[in-house]
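K.L.:
A structural model of the following input is requested.
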Amino acid sequence: MISETDDKTADGSAEQAESTHREYILDVRIVECPRPDRPPKYRFEAPAHGGIEFEDPDTAELYADVYFDVNGFEEAGTGERGVPPEIIQAGRDTLVGYFLTQPRTNVQWVASYYGEKPEKIERYANRVRKRARKIRQGAAERGIN
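P.N.:
Reported below is the predicted structural model:
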């Protein structure tokens, strides 16, 4: 966690404030959003992106990796079941990574959709993570933050 604060509610009980779970270059970040009596949600934020929430940090981080892999995209206007064009054009591994961030999908569902073994789907997702990591490292080396 990078930052976290507690606020008091009207009845004096402690209410946790949002905190930065992970910060990336180019003002992209994942924010941890506490919820009473439930595990926190994780919100992906980026400039010119409407933001999207996830139930776990790993999925939010994979979404960030997909975002960097295609040099950014916007969900707005894609519809409830659509896929942003930037992701479609990027290739199978990026599309797999994107599918894995969607509600009600998992490795087994994506493997069935593609007719592949779950291990291959994991390899596709790992390629996206690796490329995104290299993109961020390269940008940081060039002084982009």
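K.L.:
Please make it C-alpha for all contacts and neighbour counts, starting now.
P.N.:
Fine.
K.L.:
any chance you could map the strands in the protein?
P.N.:
In the chain, strands defined by DSSP state E lie at 6-8, 14-16, 19-23, 29-35, 38-46, 49-54, listed in chain order.
K.L.:
Just want the angle from the third one to strand 29-35.
P.N.:
Going back to what we said before, that points to strand 19-23. 150 degrees (axes from the mean of the first three to the mean of the last three CA atoms, to 10 degrees).
K.L.:
Could you give me the buried positions within strand 19-23?
P.N.:
19-22 (16 or more other CA atoms under 10 Å).
K.L.:
now swap in the last one and tell me
P.N.:
For strand 49-54, the neighbour count (16+ other CA under 10 Å) marks 53-54 as buried.
K.L.:
Please verify my assumption that residue 121 contacts residue 96.
P.N.:
Yes. Here residue 121 lies in contact with residue 96, judged by CA atoms under 8 Å, at a distance of 7.0 Å.
K.L.:
Overlap of the contact sets of these two?
P.N.:
Applying CA atoms under 8 Å, 6 or more residues apart in numbering, one finds that residue 121 and residue 96 are jointly contacted by residue 110.
K.L.:
In this structure, where's the longest helix?
P.N.:
Under DSSP state H, the helix in the chain containing the largest number of residues is helix 118-141.
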